[in-house]
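Asks: Just to be clear, the model below is a prediction. Sequence and coordinates:
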Amino acid sequence: MSSYAKELEIAQLAVQRAAILTKRVFHEKAKGTVSKDDKSPVTIGDFGAQALIIAALKHNFPEDEIVAEEEAAQLREDANLRSTIWDLVKGTSLSDADAEAVLGGPIKSEDDMLTFIDYGNSKGGAKGRIWAIDPIDGTKGFLRGGQYAVCLALMVDGDVKVGVLGCPNLPIDDAAPLTGGMESGQTDEGRGCLFSGVLDEGATSRPLTTGGLASSQKISMKAITDIAAASFCESVEAGHSSHGDQAEIAKKLGITNPSVRMDSQAKYASIARGAGDIYLRLPVKATYQEKIWDHAAGDLIVREAGGAVTDIHGKRLDFSIGRTLANNKGVVAAPTGAHAQVLAVVQEVLGIK
Ligand SMILES: Nc1ncnc2c1ncn2[C@@H]1O[C@H](COP(=O)(O)O)[C@@H](OP(=O)(O)O)[C@H]1O
Ligand SMILES: [Mg+2]
Ligand SMILES: [Mg+2]
Ligand SMILES: [Mg+2]
């Protein structure tokens, strides 16, 4: 029996339910995009998914703290936006009644929805049980029909114990070739994957469903025998990681395959299942602090699948100091056996050796 069996079950079902909502937004609705203070986009899907996930966590683990990306301030000022999101949230449930009951059933009122969204305001830190939520990671990918992920992780005393990634647009087949998006004309058929990891217990994938959990299989990274044949993933957005540095590193490693550009933590999931090999996220701006919800689940899933994840200085990602990874710069994720070689070239190119 897993040490975090209940947390894992709730987290997977909560992500699965939230993914139903994000898919509905994508297929049925105007996305309702609004700009945040930092000019990044947020959609009705981000708010709705965050409300549903937090409601499920509060029902099952009322004492736990939550660090989530979004906040309800804009919704409190905008009745139209608020009621659009409420319509979505109250109309989204798992089709399996038992699974829905495990999550506590529907949110009772529009006010409760706002309250749930704002429970995500914990400062984080090194003490106690804290969940990290990114209701839609890769919002820009979500908007353009590319990859995005619904992300949830549990940290205990600053260490990630459980990580779950719902990736509605990734192929179900772990062996499917690595692609960055939904190619035009493609449908949802054969897509939608739920990835999980529990510390010291491995990582799994299973199809996303609209009801209870499907059966899972173990996933593991591909061992790299010839680094020149490796494939590496990077952000689509050049503003999020340095495409130039990453291309130079790939070249120095002898990698000839073009990089696979993909939004969101789907990159972590894709290397964890062995569809890709390396994920590089090199800083564009020295001052940017990565957010814990952008990495917590993916970091654990990759490590549990046989990978190593560090920053550009070779330090493990430190989730214990608040809402950001203030002690880290960038991300270098690779199979354990190849990580040192990749990191050495990263440091050579960045001139930090
Ligand atoms: N200057 C920057 N450098 C690195 N990451 C950034 C960034 N500005 C925004 N981000 C983060 O990059 C995330 C998307 O990552 P990716 O490029 O891998 O898809 C965003 O998550 P959201 O989409 O949840 O806001 C956001 O938190
Ligand atoms: Mg965002
Ligand atoms: Mg994000
Ligand atoms: Mg987000």
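Replies: Perfect, thanks for sending it. Numbering: from 1, shown residues only. Ligands and ions are numbered 1, 2, ... in the order given.
Asks: quick one: low-confidence ranges for the stretch 151-300 of the chain?
Replies: Within the stretch 151-300 of the chain, the set of residues satisfying pLDDT under 70 comprises 182-185.
Asks: Quick check: residues of it near ligand 1?
Replies: 235, 237, 239-240, 263-264, 284-285, 288, 291, 294 (CB under 6 Å from any ligand atom). C-beta: built from backbone N, CA, C; applies to glycine.
Asks: Select from the residues you listed every entry located in helices.
Replies: Among those, DSSP state H puts none in helices.
Asks: Now, of those, which are buried?
Replies: For these, a neighbour count by 16 or more other CB atoms under 10 Å gives the buried set as 235, 240, 263-264, 284, 291, 294.
Asks: and the residues you listed near ligand 3, which?
Replies: By CB under 5 Å from the ion, the members of those lying near ligand 3 are residue 294.
Asks: Closest residue of the stretch 101-250 of the chain to ligand 3?
Replies: The minimum distance from the stretch 101-250 of the chain to ligand 3, using CB to the ion, falls at residue 137 (3.5 Å).
Asks: on that earlier part again, redo the buried ones among the residues of the stretch 151-300 of the chain next to ligand 1 as a markdown table? Include distance to ligand 4.
Replies: Formatted as a markdown table, those follow (distance: CB to the ion, whole Å):
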| residue | distance to ligand 4 |
| --- | --- |
| 235 | 13 |
| 240 | 12 |
| 263 | 10 |
| 264 | 8 |
| 284 | 18 |
| 291 | 8 |
| 294 | 8 |
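Asks: In strands only, show me the buried ones among the residues of the stretch 151-300 of the chain next to ligand 1.
Replies: Applying DSSP state E to those, no entry is found in strands.
Asks: Serialize the buried ones among the residues of the stretch 151-300 of the chain next to ligand 1 to a markdown table and add fields for distance to residue 75.
Replies: Shown next, in a markdown table, are those (distance: CB to CB, whole Å):
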| residue | distance to residue 75 |
| --- | --- |
| 235 | 28 |
| 240 | 26 |
| 263 | 24 |
| 264 | 23 |
| 284 | 31 |
| 291 | 21 |
| 294 | 22 |
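Asks: Which pair in the buried ones among the residues of the stretch 151-300 of the chain next to ligand 1 has the greatest spatial separation?
Replies: 264 and 284 (17.3 Å; CB to CB).
Asks: hmm, what's the outermost residue in this structure?
Replies: Distance from the centre of the chain peaks at residue 353, with 30.7 Å (CA atoms, centre = their mean).
Asks: CA atoms of the strand ranked longest in the chain as CSV?
Replies: The single longest strand within the chain, with elements called by DSSP E, is strand 159-171. This file holds the C-alpha atoms of strand 159-171, laid out as CSV (Å, rounded to 0.1, in the frame of the first residue of the first chain):
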residue,chain,number,x,y,z
ASP,A,159,9.7,17.9,-0.3
VAL,A,160,7.5,16.8,-3.2
LYS,A,161,5.8,13.5,-2.3
VAL,A,162,3.0,13.2,-4.9
GLY,A,163,2.8,14.7,-8.4
VAL,A,164,0.0,14.5,-11.0
LEU,A,165,-0.1,16.0,-14.5
GLY,A,166,-3.2,15.8,-16.7
CYS,A,167,-2.2,16.4,-20.3
PRO,A,168,-5.4,16.4,-22.4
ASN,A,169,-3.6,16.9,-25.8
LEU,A,170,-0.8,14.3,-25.4
PRO,A,171,-1.1,10.9,-27.1
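Asks: next one: that strand to chain centre, how far?
Replies: Distance, stretch centre to chain centre, for strand 159-171: 6 Å (CA atoms, centre = their mean, to the nearest Å).
Asks: Quick check: nearest residue in space to the residue farthest from the centre of the chain, chain neighbours excluded?
Replies: residue 347 (4.6 Å; CB to CB, 6 or more residues apart in numbering).
Asks: And residue 163, by the same measure?
Replies: Excluding the flanking residues, the one nearest residue 163 by CB to CB, 6+ apart is residue 297, at 3.4 Å.
Asks: Need the residues that contact the host helix or strand of residue 88.
Replies: Following DSSP states H and E, one finds residue 88 within helix 79-90. Here helix 79-90 makes contact (CB atoms under 8 Å, 6 or more residues apart in numbering) with 21, 24-25, 29, 32, 34, 44-45, 47-48, 51-52, 74-76, 106-107, 110, 113-114.
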